[in-house]
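Peer 1: Provided below are the primary sequence and the corresponding predicted coordinates.
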Amino acid sequence: QVQLVESGGGLVQAGGSLRLSCAASGRTFTSYRMGWFRQAPGKEREFVAAISWSGSRVYYTDSVKGRFTISRDNAKNTVYLQMNSLKPEDTAVYYCAADQTTGTMAPRYWGQGTQVTVSS
């Protein structure tokens, strides 16, 4: 069992930055690929970024490439999402997720979500 708790969301102006954090419980953090998803009002939840257990491989959806950076600190059981050059269309609830699959991420565990609002 893994519990995920996100933090770091908030209100920011367009062009600004935020860093989301996701703290994971349990002693098996390194056995999980970690990722971030987001869901905007009236839209389906979408993949944002993922990172392998070692941190050596990262993946991003096209709309955030060059602006967002995913990283993890296995000693702290924490994964981060640094978001720069934020746009109003980045407004969404951001969810941390964990899985043990390969290929398309299929999360087994989800966090409760943190709201990110970007004003124009």
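Peer 2: Received the coordinates, thanks. Numbers count the residues shown, from 1 in each chain.

Peer 1: tell me the SS of the residue nearest the centre of the chain?
Peer 2: Computing the C-alpha centroid of the chain and ranking residues by CA atoms, centre = their mean puts Trp36 first, at 2.5 Å. When states are read from DSSP: H, G, I helix; E, B strand; the rest coil, the local structure at Trp36 comes out as strand.

Peer 1: excluding sequence neighbours, find me the nearest residue to Ile70.
Peer 2: Setting aside the residues directly before and after it, Ile70 is nearest to Ala49 in space (CB to CB, 6 or more residues apart in numbering), at 4.1 Å. Yep, even glycine has a C-beta here, placed from its N, CA and C like the rest.

Peer 1: just to revisit the earlier point, contacts only, for the residue nearest to the centre of the chain.
Peer 2: For Trp36, the residues meeting the contact criterion (CB atoms under 8 Å, 6 or more residues apart in numbering) are 20, 22, 48-50, 70, 79, 81, 94-97.

Peer 1: then Ser71?
Peer 2: Taking CB under 8 Å, 6+ apart, one finds 51, 55, 79-80, 82 in contact with Ser71.

Peer 1: state the pair within those that is farthest apart.
Peer 2: Between all members of the contacts of Ser71, the longest pairwise span (CB to CB) is found for Gly55 and Gln82 and amounts to 13.8 Å.

Peer 1: quick check on Val64: phi, psi?
Peer 2: Dihedral angles phi and psi of Val64 (degrees, to the nearest 10) take the values phi -110, psi 0.

Peer 1: thank you, goodbye.
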